[in-house]
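Trainee: A structural model of the following input is requested.
(one chain, ligands or ions: 2)
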Amino acid sequence: MTRPLTVLGIESSCDETAAAVLRIEPGAPTPTVLSDIVLGQAAAHAPFRGVVPEIAARAHVEGLDGVIAAAMREAGLGFAELDGVAATAGPGLIGGVMVGLVAGKAIALAHDKPLIAVNHLEGHALSPRLSAPVAFPYLLLLVSGGHCQFIAVLGLGQYRRLGSTIDDALGEAFDKTAKLLDLGFPGGPAVEALAAKGDPRRFELPRPLLGREGCDFSFAGLKTALVREVERLGAPSDQDKADLCASFQAAVLDVIEDRIRHAMRAFDGFWGAEGRLVVAGGVAANRAIRAKLEDLAETNRYAFYAPPSKWCTDNAAMIALAGAERLAAGFSDDLAVAARPRWPLDEVAALTRPSHKPGRKGAKA
Ligand code: KG4
Ligand code: ZN
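Mentor: Ligands and ions are numbered 1, 2, ... in the order given. Got it, this is the predicted structure:
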């Protein structure tokens, strides 16, 4: 890279409508985020206690123009001053992905700028580099509402999946727990808050795959055990709910501890790299999980990086960063590029070692 690159990023793959403008410069340790706008849709989905794809797509259509205009205004730039336009092209809810990608294409076409079609997961994978100069390679734990995997990030565009969930994603497990206990949506922050007031030893919940070879995850059995406890209690009191959340989170922490050990072994063995552990995705906003990871990293002499919470959950700064890094490396995409509901980061692993049977779990595979 010989000159600064300024890129507009657009994100619309789930229930956040987001746009950001970011600049990378030769020699600068981290990028400069000139603007970073996120319009959440939680209120629109809350009555349904989960994200409704059609409502999400419509909300993106209604909100995206204003969000992009706000990002440009805050950055103090016109479209002509951009070096490129990056938009999430998948994986995600296809209606929303199409809205953001088409908007990116239109701006790129109208202003004769290169378009960069960004994999949302690559955005999460690179997100720690928004706030710290994290060098490649690193071991990434990506934990969000739709994704739950360990990835060896070897360089830009070079990802090896070491393990992933064989059923639910971790964020999904938090959301289902919240739904079961009627805590509202999104569930993760509500479960975390209640867990802090509860007794983590009151309920004996399973620790799926604990001690098992490899570093896959499974959370379906944990959810079923919770359902049984709630059935047994009948109408759980507030204290019951707090104890259930605390016991659930304690089980999750134990599972993470065990799986991380296996993942570190896989990462060391395969890549012989210096130890760097990175956590990204919405669940990385959870303070108990962050503290546990920090602790495990220290014990295993890994450096630990976690993006600030606003860059853990879906945002466009990470999409702009992935776009800028790709542009700097000489990549851009044809305007005919298609939106993809599924787009694994490690295509080889997804084909040769699918974690789900075809057609079942969509983006998670
Ligand atoms: O990355 P993200 O914004 O969207 C996806 O790409 O999925 O992640 C959202 C997920 C949701 O499942 C949400 O419940 C979870 O991240 N989450 C949390 C916390 N904050 C968000 N889970 C546990 N504790 C939190 N504090
Ligand atoms: Zn995400």
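
Trainee: how near is the residue nearest the centre of the chain to ligand 1?
Mentor: Centroid-nearest residue in the chain, with C-alpha atoms, centre = their mean: Gly281, separated by 2.8 Å. Distance, Gly281 to ligand 1, by C-beta to the nearest ligand atom, to the nearest Å: 5 Å. Heads up, the C-betas are built off the backbone N, CA and C, glycines and all.

Trainee: For this structure, give me the ranges with low pLDDT.
Mentor: 270-273, 356-365 (pLDDT under 70).

Trainee: again, only using 80
Mentor: 49, 185-186, 269-274, 348, 353-365 (pLDDT under 80).

Trainee: can you point me to the longest helix in it?
Mentor: Selection of the longest helix in the chain by residue count, based on DSSP state H, yields helix 238-271.

Trainee: Would you mind listing the buried residues in it?
Mentor: Within helix 238-271, the residues that count as buried by 16 or more other C-beta atoms under 10 Å are 240-253, 255-260, 262-264, 266-267.

Trainee: Please save the CA atoms from stretch 67-76 in PDB.
Mentor: Below are the C-alpha coordinates for stretch 67-76, written out as PDB (Å, rounded to 0.1, in the frame of the first residue of the first chain):
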ATOM      1  CA  VAL A  67     -27.800   5.600   7.500                       C
ATOM      2  CA  ILE A  68     -25.400   5.900   4.600                       C
ATOM      3  CA  ALA A  69     -26.100   9.700   4.300                       C
ATOM      4  CA  ALA A  70     -25.400  10.100   8.000                       C
ATOM      5  CA  ALA A  71     -22.100   8.100   7.800                       C
ATOM      6  CA  MET A  72     -20.900  10.300   4.900                       C
ATOM      7  CA  ARG A  73     -22.000  13.500   6.600                       C
ATOM      8  CA  GLU A  74     -20.200  12.500   9.900                       C
ATOM      9  CA  ALA A  75     -17.000  11.600   7.900                       C
ATOM     10  CA  GLY A  76     -17.300  15.000   6.200                       C
END
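
Trainee: can you list contacts of that stretch?
Mentor: If you take C-beta atoms under 8 Å, 6 or more residues apart in numbering as the criterion, stretch 67-76 is touched by 8, 10, 17-21, 34-39, 78-79, 103, 107, 316.

Trainee: now swap in stretch 345-358 and tell me
Mentor: By C-beta under 8 Å, 6+ apart, stretch 345-358 touches 119, 121-122, 125, 151, 159-161, 164-166, 216, 344, 364-365.
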